[in-house]
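**Q** next input, structure requested:
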Amino acid sequence: MTATGPDSRLSWSTPPAALAACGIGGLVLAAAAILSTDGPGRLLIGIAALGLLGLTGLGLRQRPRLAVEPGDPVHVVVRGLTGPQRYTPEQVLRVRVVHYRRLGRRMPMLEMDVDQHGEERLIIFGRWDLGTHPEDVLEVLQVHLAR
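**A** Predicted coordinates for the structure are as follows:
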């Protein structure tokens, strides 16, 4: 989370260290695929390298993933592949943390229902997207959207 004052812009995104680790891992796997002499192994390692490099590119493209821009009115900005989408407090219908079962554990996810051009849209953020616990983000969003 980035915050420099009570009314400053707040933003959340995947930690840079995690994206760097994915990028480095993708490059290492790409080198291993090139040096491999086993055909099926080369294919599988190459696919894994492309997956990691794609995840890195996606994470960099969407930074910051979620942001609050204070002002009159406050805007919630969600960045995706197609660019940022801005929502006013009236467009944010509901924000909550829901726990989903994943790999035998209950994982918190931030769910945001928004009104986008007359249609309700559900946006889900995990810890990977936000770089922090979703409940911390929920508290900040509730404070800024309640104004």
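**Q** buried sites along the longest helix seen in the chain?
**A** Criterion DSSP state H: the longest helix present in the chain is helix 39-61. By 16 or more other C-beta atoms under 10 Å, the buried positions in helix 39-61 come out as I45, G46, A48, A49, L52, L53, L55, T56, G59. Just so you know, the C-beta spots here come from the backbone N, C-alpha and C atoms, and that holds for glycine as well.
**Q** which ones are touching the fourth one?
**A** Contact criterion C-beta atoms under 8 Å, 6 or more residues apart in numbering gives G26, L27, L29, A30, A32, A33 as the residues in contact with A49.
**Q** just the residues you listed now: which is nearest R65?
**A** G26 (19.9 Å; C-beta to C-beta).
**Q** which ones are touching the closest one?
**A** Neighbours of G26 in contact, by C-beta under 8 Å, 6+ apart: A49, L50, G51, L52, L53, L55, T56.
**Q** what pLDDT does the model give the third one?
**A** Among the per-residue scores, G51 holds a pLDDT of 97.
**Q** for it, list the residues it contacts.
**A** Counted by C-beta under 8 Å, 6+ apart, G51 has contacts G26.
**Q** how close does R86 sit to W12?
**A** 16 Å (C-beta to C-beta, to the nearest Å).
**Q** with that, I have no additional questions.
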